[in-house]
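# Predicted model, plus sequence, below.
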Amino acid sequence: MHPKDRLIFPLDVPNKAEAEKFINLLKDEIGLFKVGLELFMAEGPPFLKYLAESQVDYFLDLKFHDIPATMMGAQARVMQGAKLATVHVDQGAKMRPTIMACKNGVKVLGVTVLTHLGPDDLEAMGIAPEYARNPAKLVLLRAKLAKEAGCDGVVCAGTEARAVKDAFGKDFLVVCPAIRPAWSIVPGDDQTRITTPAQAIQAGADYLVVGRPIRKAENPVEAARKVVAEIAGALR
């Protein structure tokens with residue numbers, strides 16, 4: 001992949017008009033746009049149809065989590081045109097028939113541990129201390145469940161990317177959010193397990209999700225280019 005193909009920009013905006021603004025600005029600077037819950041709830045499946053008809057590649061990040069039959073019905077209706085999509089994997093191999101049936105060219109990623117959660121948060125959720133105090137160990141457990149379910153890879157923090165690659169091989173995709181370039185300032189940042197683009201790529205990440213450092217920059221295009229340059233440097 002070209003370095004820019006590894007950069008994912010999340011369309012974390014309230015409506016189609018705002019999304020179109022960033023698509024027009026960044027379509028030549030990044031690899032994929034990410035559609036999450038905020039935009040999907042505002043615009044629904046017609047927005048995904050618009051992306052497909054506009055030949056805009058996207059990552060559908062709705063983190064599906066339900067019984068297999070319900071997930072199969074939902075995924076079959078909204079994944080057309082997506083390149084990546086996310087599911088929760090706590091059901092392990094029971095999800096395999098659903099995931100394999102719904103791929104249709106989509107790479108399915110298992111959600112491991114959300115990047116705003118730290119050890120105290122995990123322990124408060126009832127996660128066993130063995131895993132709560134060591135989020136990387138919990139990520140590996142959930143990556144194993146994702147592999148058993150037929151996922152093509154996982155979403156995890158850059159701090160855990162190397163461990164996942166070492167455990168499951170170079171072809172098991174790793175997508176890393178919570179990426180913060182050293183030059184970026186994100187007021188009131190809610191992320192905890194963060195890395196720079198270079199750190200994540202050097203750890204083996206295949207894709208990086210970079211949102212606020214680009215979206216809130218005075219010049220989003222220039223910010224995206226700086227991230228791509230850092231990715232290119234790390235690949236070298």
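Here it is on my side, so go on.
# mind listing what's buried in stretch 133-143?
135, 136, 137, 138, 139, 140, 141, 142, 143 (16 or more other C-beta atoms under 10 Å). For glycine as for every other residue, the C-beta is placed from the backbone atoms N, C-alpha and C.
# Can you flag which of these belong to helices?
Secondary structure defined by DSSP state H assigns 135, 136, 137, 138, 139, 140, 141, 142, 143 of the buried residues of stretch 133-143 to helices.
# what's residue 6 in contact with, if anything?
31, 201, 205, 206, 207, 208, 231 (C-beta atoms under 8 Å, 6 or more residues apart in numbering).
# Likewise for residue 151?
So residue 151 contacts 87, 89, 99, 108, 109, 110 (C-beta under 8 Å, 6+ apart).
# top of the residues you listed by neighbour count?
residue 110 (29 neighbours; other C-beta atoms under 10 Å).
# From start to finish, how long is stretch 130-141 in a straight line?
Start-to-end span of stretch 130-141 (C-alpha to C-alpha, to the nearest Å) is 12 Å.
# mean confidence score for stretch 167-177?
What stretch 167-177 shows for mean pLDDT is 97.
# Show residues contacting that stretch.
With C-beta under 8 Å, 6+ apart, stretch 167-177 has contacts from 8, 59, 84, 107, 109, 115, 140, 143-144, 147, 152-158, 161, 164-165, 191, 195, 200, 204-209, 211.
# One more: stretch 178-185?
Taking C-beta under 8 Å, 6+ apart as the rule, stretch 178-185 contacts 115-116, 157-158, 186, 189, 191-197, 200, 208-210, 212-213, 217, 223, 226-227, 230.
# Pull out the buried residues from the residues you listed.
For these, a neighbour count by 16+ other C-beta under 10 Å gives the buried set as 115, 157-158, 191-197, 200, 208-210, 212-213, 217, 223, 226-227, 230.
# Could you list the low-pLDDT ranges of this protein?
Across the chain, residues meeting the criterion (pLDDT under 70) sit at 78-79, 187-192.
# how about the strands of it, start to end?
7-10, 32-35, 58-64, 82-88, 107-111, 153-155, 173-176, 207-209 (DSSP state E).
# sorry, back to before: now intersect the buried ones among the contacts of stretch 178-185 with the helices, please.
Judged by DSSP H, helices contain the following of those: 197, 200, 212, 213, 223, 226, 227, 230.
# distance of the fourth one from residue 197?
Counting by C-beta to C-beta, to the nearest Å, the separation of residue 213 from residue 197 is 9 Å.
# Now do the shared contacts for the two.
179, 181, 227.
# need the contact list for the last one.
Spelled out, that is residue 227. Residue 227 neighbours (C-beta under 8 Å, 6+ apart): 7, 179, 181, 197, 208, 210, 213, 214.
# and if we set it to 6 Å?
Contact analysis of residue 227 by C-beta atoms under 6 Å, 6 or more residues apart in numbering lists 7, 197, 210.
# follow-up on the earlier one: any chance of the shared contacts of residue 213 and residue 197 in CSV, with distance to residue 36 too?
As requested, the shared contacts of residue 213 and residue 197 are arranged in CSV below (distance: C-beta to C-beta, whole Å):
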residue, distance to residue 36
179, 15
181, 21
227, 19
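# what's the neighbour count on residue 95?
26.
# I'd like the distance between the nearest residue to it once chain neighbours are set aside and residue 92.
Nearest non-adjacent residue to residue 95, counting by C-beta to C-beta, 6 or more residues apart in numbering: residue 149, 4.1 Å away. The gap separating residue 149 from residue 92 is 6 Å, by C-beta to C-beta.
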